[in-house]
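Student: Take a look and give me a structure for this.
(one chain, ligands or ions: 2)
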Amino acid sequence: MTTAALIVAAGRGTRAGGDTPKQWQPLVGRRVIDWTLDAFLVVPEIDRIVVVLHPDDAAHFAPPPRVEVTIGGATRTASVRGGLEYLAQCPDSAPAHVLIHDVARCCIKPSHVVSILRALEGADTPAVAPAVAVTDALWVGAADRVSGAQDRSGLFRAQTPQGFDFAAILAAHRAHPGAAADDVEVARAAGLGVTIVEGDDDNLKITYPADFARAGRILGHHMDTRIGFGFDVHRFGPGNHCMLCGVAVPHNRGLQGHSDADVGMHALTDAIYGAMAMGDIGRHFPPTDPQWKGARSHVFLRHAVNLALTNAFTINNVDITLICEHPKITPHAPAMQSALSAVTGVAPNRISVKATTSERLGFTGREEGIAAQAVVLLVKKCTLPG
Ligand SMILES: Nc1ccn([C@@H]2O[C@H](COP(=O)(O)OP(=O)(O)OP(=O)(O)O)[C@@H](O)[C@H]2O)c(=O)n1
Ligand SMILES: C[C@](O)(CO)[C@H](O)COP(=O)(O)O
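Tutor: Ligands and ions are numbered 1, 2, ... in the order given. Take a look at the predicted model:
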């Protein structure tokens, strides 16, 4: 099931001020848009990311790898519609789900994106949206005078990303005559049910000049960094290839194991679990459990990556060493980097795959099996107190 993220970024940011629209303004050393995109780029389940830009901005935006660009309209609603129509252009590649997000909500956490996606997958409605219950007293006012009070029970502050069944929200937008505050309003106008999921007070929308400082305090974090180390060995047996870091490498023998015996992926998976002090593959996928017999190792790796994301960690970089005399690894290293990137969401240039022999010493030297070592660095943004 494919999922797309649609980031609307065609607004002019008039309320935020500044010489350029807010999404292009600097915030803790990067642009607002860079923070927003990163939160989606690191989520492996998101297959496509589309940014909707104003025509004046599109020419000077160099999209990062995997990010597509289309042009928006005069209102937020028109920009969302433009993005949805872009995704619908080719029916074969239209996503099943779409997460629609304001570029101006740059403090969105990857773990929050994942939890909204999970909620959408499990919901009995075609839409889910994050919101925070109103906790302040609400007044009605005119000029500087309070003229009444408003009951706050049942009132929520709506956030993004709002998640939808793609076909349903596309049809709802096509049927919607004018502008709306958000896509939940468009969905409800079409009769779609919307499930409220937990919002996050840090997921503010930069709207006024003072919001930059608030967002800066949230993003101006110190890092919780964790190093993880993994080691694995599989023995050779009959076969004509070895699965190594997601690539079937031709060889006159195969590797034996309960799963596909991808020793490189196993070492990396254990390194990620290890960095979080959350056990190892054997604990999460017991070899005594027949359902994992012959399993593809990307299932284990994806599980470890998701565990990292739901604990608010992102993978900064990976370094894997395969230890064997044969097969020769270097010609396959770029394909291995790509395969690991596809599973983890980590850019290939942050994934190192290298190899060494053991100078014909020991079990790897005698070509009885292959060993792998992996090191990973996980980072978590931590809000500074105050
Ligand atoms: N024609 C528009 C208007 C808004 N947006 C996007 O919708 C989101 C929420 O809108 P808002 O915060 O109001 O942004 P701006 O329209 O840029 O701000 P302002 O109303 O102050 O001009 C932003 O990510 C904005 O870029 C858009 O894609 N196309
Ligand atoms: C979509 C939204 O962020 C949900 O809170 C909000 O409605 C956008 O509001 P704006 O009027 O475009 O600022």
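
Student: contacting residues around the residue in the stretch 151-300 of the chain positioned nearest to ligand 2?
Tutor: Of all residues in the stretch 151-300 of the chain, the one sitting closest to ligand 2 is D182 (3.6 Å; CB to the nearest ligand atom). Every C-beta, even on glycine, is put in place using the N, C-alpha and C of the backbone. D182 makes contacts with R76, A129, A158, T160, Q162, as judged by CB atoms under 8 Å, 6 or more residues apart in numbering.

Student: The longest strand anywhere in the chain pairs with which strands, parallel or anti?
Tutor: Longest strand in the chain by number of residues, with DSSP state E as the criterion: strand 222-237. When pairing is defined by DSSP bridges, strand 222-237 lines up against strand 254-255 (antiparallel), strand 369-382 (antiparallel).

Student: and the angle for the following helix or strand past the shortest one with strand 222-237?
Tutor: The one in question is strand 254-255. Sequence-wise, the next helix or strand downstream of strand 254-255 (DSSP states H and E) is helix 263-275. Counting by axes from the mean of the first three to the mean of the last three CA atoms, to 10 degrees, helix 263-275 lies at 150 degrees to strand 222-237.

Student: State the mean pLDDT of helix 263-275.
Tutor: Across helix 263-275, pLDDT averages out at 98.

Student: could you say what helices and strands that helix packs with?
Tutor: strand 222-237, strand 241-244, helix 281-284, helix 298-310, strand 313-323, helix 333-344, strand 369-382 (3 or more CB pairs under 8 Å, 6 or more residues apart in numbering; DSSP states H and E).

Student: Show me what the fourth one packs onto, helices and strands only.
Tutor: The reference is to helix 298-310. helix 110-122, helix 263-275, helix 281-284, strand 313-323, helix 333-344.

Student: buried ones in the third one?
Tutor: Of all the residues in helix 281-284, those buried under the rule 16 or more other CB atoms under 10 Å are I281.

Student: so where does the closest residue to E367 other than its chain neighbours fall, helix or strand?
Tutor: With CB to CB, 6 or more residues apart in numbering as the criterion, E367 has its nearest non-adjacent residue at 5.4 Å, and that residue is E325. Under DSSP H and E, no helix or strand contains E325.

Student: Convert the C-alpha atoms of stretch 12-32 to PDB, please.
Tutor: Provided in PDB are the C-alpha atoms of stretch 12-32 (Å, rounded to 0.1, in the frame of the first residue of the first chain):
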ATOM      1  CA  ARG A  12       3.300  34.000   0.800                       C
ATOM      2  CA  GLY A  13       3.600  34.200   4.600                       C
ATOM      3  CA  THR A  14       2.300  37.700   4.800                       C
ATOM      4  CA  ARG A  15       1.500  37.500   8.600                       C
ATOM      5  CA  ALA A  16       5.000  36.200   9.400                       C
ATOM      6  CA  GLY A  17       6.700  39.100   7.800                       C
ATOM      7  CA  GLY A  18      10.300  39.100   6.500                       C
ATOM      8  CA  ASP A  19      11.800  39.700   3.000                       C
ATOM      9  CA  THR A  20      10.800  36.200   1.800                       C
ATOM     10  CA  PRO A  21       7.900  33.800   2.500                       C
ATOM     11  CA  LYS A  22       8.300  32.100   5.900                       C
ATOM     12  CA  GLN A  23       9.200  28.600   4.400                       C
ATOM     13  CA  TRP A  24      12.400  30.100   2.900                       C
ATOM     14  CA  GLN A  25      13.500  31.900   6.100                       C
ATOM     15  CA  PRO A  26      16.400  30.600   8.300                       C
ATOM     16  CA  LEU A  27      15.600  28.700  11.500                       C
ATOM     17  CA  VAL A  28      18.400  27.200  13.600                       C
ATOM     18  CA  GLY A  29      20.900  27.200  10.700                       C
ATOM     19  CA  ARG A  30      18.600  25.800   8.000                       C
ATOM     20  CA  ARG A  31      15.500  26.900   6.200                       C
ATOM     21  CA  VAL A  32      12.000  26.200   7.600                       C
END
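
Student: Indicate whether that stretch makes contact with ligand 1.
Tutor: Yes: using CB under 6 Å from any ligand atom, stretch 12-32 reaches ligand 1 at R12, G13, T14, R15, A16, P21, Q23.
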